[in-house]
Each structure stands twice: as C-alpha cells, then as structure tokens.
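A.B. asks: Sequence first, then the predicted structure, then my questions.
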Amino acid sequence: MMKTSVLLSALLISLGAVAQDSADVVKVTVDESKSRFTLICQPLLPVGELPENWVTLCNEQAHKLLQHESSYGNPVQVIKEPFGMAGSLAAQSFASLPEGVTPERITSTDLTLELQ
C-alpha cells in the first residue's frame, strides 16, 4: 500500500511538469484507490470559451503524464487516449450547454498500477 501511495504521489507531482501547454484550458487530476487509479479532466473555461478540442487536450495531458511516469520506471499503463470514446461523447453533449456554463469533468476508465 505504501508503494502505491508513493507512486500515486509521484503521478500528481509529475502532472505539473507535463501539463503546461493547456493548463489554462483543462486540469487533469488523479483519483486513487489501492492498485487502481482514475484520471479526471476538468475544463476550466465555460462553453463558448472552451476550444472544440478540449477533450484532445485532456487526452494529451493524461497521455504525457502516463508516458512520463513510465519513462521513470513507474508501473503504469500508457494509454494514448485515456478518456476514450466517453470523452468524445461528453464533448459532443457538453457543446449543447448554454454559453457561460462550465462542464464539470470527464473521467478515464480505471487504470491499474502494474505492481510486482
């Protein structure tokens, strides 16, 4: 359990290092439980100001985070689009929200830590 907590803490710290490009548009965070974790992407701008590619920005931030952790030997699954089709569907449904409303968040599927 301690190894998992240390690894997930490292994921959170790394997030700041890889998320500079779109930090004003979306924020990706990690929700942990035992040997699994979920990535959460929260738009920071309301509909009307949020770029159409905001889910792509979420996926890019999350993918970079996972790559970064893997390159340092941390046992994480590296997925190109952690928010997948659900993220795309959310973007389509959020587009119909009235201007000024900020979408709450999208979440990835549960990701596992590949602990030995």
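C.D. replies: Nice, I can see it.

A.B. asks: got the residue ranges for the strands in this structure?
C.D. replies: Counting by DSSP state E, the chain has strands at residues 26-33, 36-43, 106-107, 111-112.

A.B. asks: Comparing the ones you listed, which comes out most buried?
C.D. replies: strand 106-107 (a mean of 22; mean count of other CB atoms under 10 Å). C-beta coordinates here come from the backbone N, C-alpha and C atoms, glycine included.

A.B. asks: Give me the mean pLDDT for that one.
C.D. replies: Average pLDDT, strand 106-107: 91.

A.B. asks: Could you measure from the closest residue to residue 59 other than its chain neighbours over to residue 63?
C.D. replies: Computed as CB to CB, 6 or more residues apart in numbering, the closest residue to residue 59 that is not its neighbour in sequence is residue 81, at 4.5 Å. Plainly put, residue 81 is 7 Å away from residue 63 if you go by CB to CB, to the nearest Å.

A.B. asks: Residue 85 now?
C.D. replies: Counting by CB to CB, the gap from residue 85 to residue 63 is 15 Å.

A.B. asks: what bits of this protein have low per-residue confidence?
C.D. replies: Scanning the chain for pLDDT under 70 picks out 1-21, 34, 113-116.

A.B. asks: one step back: settle it for me: which of residue 85 and residue 63 has more neighbours?
C.D. replies: residue 63 (19 against 8; other CB atoms under 10 Å).
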